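> the sequence isn't on hand, but the structure is:
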């Protein structure tokens, strides 16, 4: 058989393999990124812990990096982050779930064309804009008049919590809506056929069946709220303190990281290294929540 | 509300209480509508507030000028240029890498443990806060690779940030192509790459392009990672991509919003209007691209 | 301490479960003009047409469902049998754009009257679906679902056991009441659906191709169950399986699709007549397998 006659041997193996290698490298970039993040955070945090005791870091409730005397209790920042996140969830969970139920169970196609864009727009607004909204509208026009200008300042956890809540509502709404739509129609029909009202079908059949997806969406939203930066940086303030009072001004982990980077901190200084330690804490918290969310979906998903 | 005559057989044992049940249903529906109303109200309040504040400051001088310590003379040209430059580089970087990774994961990798690990990893990366990417960029691009606080470093960082999102969207677009297309190509003697390039990619193109455009819109709105990298809030000259200081729109907005004077809030609002318009244009572009590219697809 | 479940009001019937020998008139609190006795037909359709938007799926149907008998609705696929049966418990109302023309009478009352609530109708006219659709809840909670939402005021455990026994499922699940209903086999799931339907004590049970997703043995079990249930309930069954209709039903209604793509009733009569001596040519063609 000459090389020119019909050959059934593999054609162009080299090109195919090269392409496959290149594609693989692109995919592996993801792994490299993860390694990079973990390596950078671990290394600098380790250096930080050479100078500051991990116990003080993890259990201390006073954080003062730029003002002497310095104190490195990260719980002050964590409490600020969690306070804002909790307020955000209190707002986003009811709004998001009600919106999701409307979209999944009640909405006609016309209603969808109105509601969906509203949610997508809120989700697409740059977060700095939401921070601006909190600073210039929510705090002076809503919060301070309602609670009294003496009781609450321009910066507060409440203000940040409200705008972050707005921010994460579309996340809860869209994932929960998908979960509810995934409940088979036959299941709803079975309930209707026994004389259930629409609200009962939603409450007793659809919602329980979609619960794992809904819970996962809430946890993901919490993770997002914890990691949010620009919306809180304009609304919450720069006063790290260990408190759960929403009227107080606090500082979140993300806002602290921004504060250090903007300021004139020398590289290699302890303040600079604290940025990485806080970043590592933040990363671990969000990572754990993301894993939890995935686990909940896998473990508790209703099989149809 | 039912005038259906009661069934004699079991009337004694069932108390359907229909009115009460229907009432709670109506109340619930009202609550759903109220929730949507509240969200709509918040959005409208935001837009109105921003536009009202921005109105006195939006003019051509604003768009073509440079920042100044006097709000009346401030402009956003450096920020605009910075945003465009970063957006361009990010797009050029994420498009090939993101699509390549997605092709590998969707078409080449078998359903092995390795593949699932890679995909899980990418999902996790998509959930990492953006500021962490800033930390990574700081250590890697600015310091280790000694790129300095430049647009290039910023673009590389933002690319890492949105790459997982682009990959996930592209994988979905690829998976949406029916299996029959692949089998048809194979049956004609195509190699895997030929099949992907000629058959699958064109079919998945609308979804992929939409995903990229939306991811770029997100990247353009990001400020936190770039702050870490060293983008400045007061840049009066047009930035050079590979050296020197730069700024982008979100950071300019932030810089002005931090100043308590009402005038600075005004020009901050004006810059917000500009970026919102930019977002609108990008979203519209995504819709148009999707419509144009999927003209021939009908499954 | 067991208390006997009070029996439903006895309906006198001959030992073979067929047409009642003596009819007892139910005493009703409502004064309905001209309706002093129970109507001959539990359900009657008068000139009923079913519309999805501007498409008429079923046209001008007149039929009657006799009390405590099994009525089969047969015909080629797509001719509107499901649509027709779903008018009897107003399940079609769930589809946007749907409307019924004509009168659907249940015990002499027009179901589509504005004052009649579909939710109330559905407790009394139950439905079993083609694909078994148990809830992802325990077996017990599946059966208890209907009674609970309808405000049942009795011993729930007894009701659940009673319903499961009637559905010939009790022995299979009596130690597994807390297990998920979806963990049962296909035939068992369908019997679970029947059990939960009868737990709310309907008067009519509609069955929309209840056996088409089941294996032959489960099918036979369901058919035997139907013969049992006929004693207390009126049963209407849609089936595309002619042998099943011939085996299991007392009355048969034959439907087909017209040229305008709307379904219509060709013939209704005793099963034995429909299959051995049909009046219409179309009916004869269908039951002898010439089309459909």
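Now that the structure is in, tell me what you want to look at. Remember, predicted model here, so these are calculated numbers, not experimental data.
> now do the helices in the stretch 101-250 of chain A.
All helices of the stretch 101-250 of chain A, identified by DSSP state H, counting those that start in this stretch, fall at A:109-124, A:127-133, A:144-147, A:157-181, A:185-193, A:198-201, A:207-209, A:211-226, A:230-233.
> most packed of these?
helix A:230-233 (a mean of 31; mean count of other C-beta atoms under 10 Å in any protein chain shown). C-beta coordinates here come from the backbone N, C-alpha and C atoms, glycine included.
> C-terminal to that helix, what's the next element?
Per DSSP states H and E, helix A:230-233 leads on to helix A:253-262 as the next helix or strand towards the C-terminus.
> summarise which helices and strands that following helix is packed against.
When contacts are defined as 3 or more C-beta pairs under 8 Å, 6 or more residues apart in numbering or on different chains; DSSP states H and E, helix A:253-262 packs onto helix A:75-101, helix A:230-233, helix A:270-300, helix B:130-137, helix B:224-229.
> to chain C, which of those lies closest?
Nearest of those to chain C, taken as C-beta to the nearest C-beta: helix A:270-300 at 10.8 Å.
> where does the prediction get shaky in chain C?
C:1-39, C:292 (pLDDT under 70).
> show me where it has its strands.
Listed in chain order, the strands of chain C (DSSP state E) span C:41-52, C:55-66, C:70-74, C:98-106, C:109-110, C:125-128, C:204-208, C:234-238, C:251-257, C:263-270.
> would you mind finding the most buried of those strands?
strand C:70-74 (a mean of 27).
> okay, angle between that strand and strand C:204-208 too, please.
30 degrees (axes from the mean of the first three to the mean of the last three C-alpha atoms, to 10 degrees).
> whichever residue of the stretch 201-304 of chain A sits closest to chain C in helix, strand or coil?
Nearest residue of the stretch 201-304 of chain A to chain C: residue A:302, at 4.6 Å (C-beta to the nearest C-beta). Residue A:302 falls in the coil class when you classify it by DSSP: H, G, I helix; E, B strand; the rest coil.
> tell me who's in contact with it.
A:209-212, C:136 (C-beta atoms under 8 Å, 6 or more residues apart in numbering or on different chains).
> distance to residue C:142 added to those residues, as TSV?
Listed next are these as TSV, based on distance: C-beta to C-beta, whole Å:
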residue	distance to residue C:142
A:209	13
A:210	18
A:211	17
A:212	20
C:136	9
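> tell me the one of the residues you listed nearest chain B?
residue A:210 (15.6 Å).
> how much space between the residue lying closest to the closest one once chain neighbours are set aside and chain B?
Closest residue to residue A:210 apart from its sequence neighbours, by C-beta to C-beta, 6 or more residues apart in numbering or on different chains: residue A:179 at 3.9 Å. Distance from residue A:179 to chain B, counting by C-beta to the nearest C-beta, to the nearest Å: 16 Å.
> list the residues that contact residue A:179.
Residue A:179 sits next to A:210, A:212-214, A:217 when contact means C-beta under 8 Å, 6+ apart.
> coming back round to it: turn the helices of the stretch 101-250 of chain A into TSV, including mean pLDDT.
Conversion of the helices of the stretch 101-250 of chain A to TSV gives the following (pLDDT from 0 to 100):
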stretch	mean pLDDT
helix A:109-124	91
helix A:127-133	95
helix A:144-147	86
helix A:157-181	96
helix A:185-193	94
helix A:198-201	95
helix A:207-209	94
helix A:211-226	96
helix A:230-233	94
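> flag the shaky bits of the stretch 101-250 of chain B, pLDDT-wise.
Using pLDDT under 70, the stretch 101-250 of chain B drops low at B:232-237, B:239-243.
> what residues does the stretch 51-200 of chain C have near chain A?
Contact residues, the stretch 51-200 of chain C versus chain A (C-beta under 8 Å from any C-beta of the partner chain): C:89, C:91, C:94, C:96, C:119-124, C:126-127, C:129, C:131, C:133-137, C:145-146, C:149-150, C:182, C:193, C:196-197, C:200.
> quick one: secondary structure of residue A:69?
Residue A:69 ends up coil, using three-state DSSP.
> what's around residue 135, how many residues?
No chain specified, so I'll use chain A. By the measure other C-beta atoms under 10 Å in any protein chain shown, the count of residues near residue A:135 is 24.
> nope, chain C
Neighbours around residue C:135, by other C-beta under 10 Å: 22.
> list the residues that contact residue 172.
All of this is about chain A. Counting by C-beta under 8 Å, 6+ apart, residue A:172 touches A:92-93, A:96-97, A:100, A:214, A:217-218, A:221.
> correction: the question concerned chain C.
C:184, C:188.
> same check on the one 4 residues further on?
By C-beta under 8 Å, 6+ apart, the contact list for residue C:176 reads residue C:139.
> how does the chain divide up, domain by domain?
Looking at chain A here, since you left the chain open. Here the domain assignment for chain A is A:13-51, A:63-300, based on automatic domain parsing.
> that's the wrong chain, I wanted chain B
B:18-57, B:63-296.
> which stretch among those is buried most, on average?
Most buried among those, given mean count of other C-beta under 10 Å as the contact rule, is domain B:63-296, at a mean of 20.
> now that domain, how far from the chain's geometric center?
Its chain's C-alpha centre lies 8 Å from the corresponding centre of domain B:63-296 when counted by C-alpha atoms, centre = their mean, to the nearest Å.
> stretch C:228-241 now?
6 Å.
> and it, anywhere near chain A?
No - applying C-beta under 8 Å from any C-beta, one finds stretch C:228-241 separated from chain A by no less than 13.4 Å.
> that stretch vs chain B: in contact?
No - in terms of C-beta under 8 Å from any C-beta, no part of stretch C:228-241 sits within range of chain B; the closest distance is 9.1 Å.
> and if you look at stretch C:101-118?
Yes - Stretch C:101-118 reaches chain B (C-beta under 8 Å from any C-beta) through C:106-107, C:109, C:113, C:115-117.
> next, the distance between the ends of that stretch.
End-to-end distance of stretch C:101-118 (C-alpha to C-alpha, to the nearest Å): 16 Å.
> run a quick neighbour tally on residue A:94.
The burial count for residue A:94: 16, using other C-beta under 10 Å.
> three-state assignment of the nearest residue to it once chain neighbours are set aside?
Excluding its sequence neighbours, the residue lying closest to residue A:94 (C-beta to C-beta, 6+ apart) is residue B:35, at 6.9 Å. Recorded secondary structure, residue B:35: helix (three-state DSSP).
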